[in-house]
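Colleague: the sequence and its predicted three-dimensional model are supplied below.
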Amino acid sequence: MNEGLDLPYSFDRVWDAMISVLQQAKWNVTRADKATGGIEVHVVMDMITWTETFLVNLTRNNDNSTRVLMGRIGLAQPVDWGISRQYIESFLNKLASALKSAG
């Protein structure tokens, strides 16, 4: 499951906004490599049952456009009732909003 969007902002601006959104969400960033545009995060889906691992990848389309892809890694929980998709969509929406509000 991968979701993504193209944003009309530079790579650096999207990267900085992405780090901020992840910190505000209190997601556990386990790996971040700006050179490759990759970030791995662990999200506690339910305090009792499981943690999901997501990978966010940024690529430069050009100087003023960046593609963001986010997907779940592996199958930590075979049935997640659509929760992973909700987390991904929420993250992408928050990222787009943060970039718009920053002007």
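Modeller: That came in fine, so what should we check first?

Colleague: which residues are contacting stretch 23-35?
Modeller: Outside of stretch 23-35, the residues within contact range by CB atoms under 8 Å, 6 or more residues apart in numbering are 15, 19, 22, 38-44, 53-54, 91, 94. Using the backbone N, CA and C atoms, a C-beta is placed for each residue, glycine as well.

Colleague: mind redoing it with 6 Å?
Modeller: 15, 22, 39-43 (CB atoms under 6 Å, 6 or more residues apart in numbering).

Colleague: can I get it in CSV, CA atoms only?
Modeller: The C-alpha atoms that make up stretch 23-35 are tabulated as CSV, following Å, rounded to 0.1, in the frame of the first residue of the first chain:
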residue,chain,number,x,y,z
GLN,A,23,7.6,15.4,15.4
GLN,A,24,4.2,16.9,16.0
ALA,A,25,2.6,13.5,15.5
LYS,A,26,5.1,12.0,18.0
TRP,A,27,5.9,9.3,15.5
ASN,A,28,9.2,7.5,16.2
VAL,A,29,11.6,8.4,13.4
THR,A,30,14.0,5.4,13.3
ARG,A,31,16.0,6.5,10.2
ALA,A,32,16.3,9.7,8.3
ASP,A,33,18.6,10.2,5.3
LYS,A,34,18.1,13.6,3.6
ALA,A,35,20.6,12.6,0.8
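
Colleague: can you point out the buried residues in it?
Modeller: 27, 32 (16 or more other CB atoms under 10 Å).

Colleague: all strands for this structure, in order.
Modeller: 2-7, 28-33, 38-46, 50-62, 65-73 (DSSP state E).

Colleague: okay, those in TSV with distance to Lys100 and mean pLDDT next?
Modeller: Below are the strands of the chain laid out as TSV (distance: least, CB to CB, whole Å; pLDDT from 0 to 100):
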stretch	distance to Lys100	mean pLDDT
strand 2-7	10	90
strand 28-33	23	95
strand 38-46	21	85
strand 50-62	17	90
strand 65-73	14	92
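
Colleague: winner for burial among the ones you listed?
Modeller: Mean neighbour count (mean count of other CB atoms under 10 Å) peaks for strand 65-73 among the strands of the chain, with a mean of 18.
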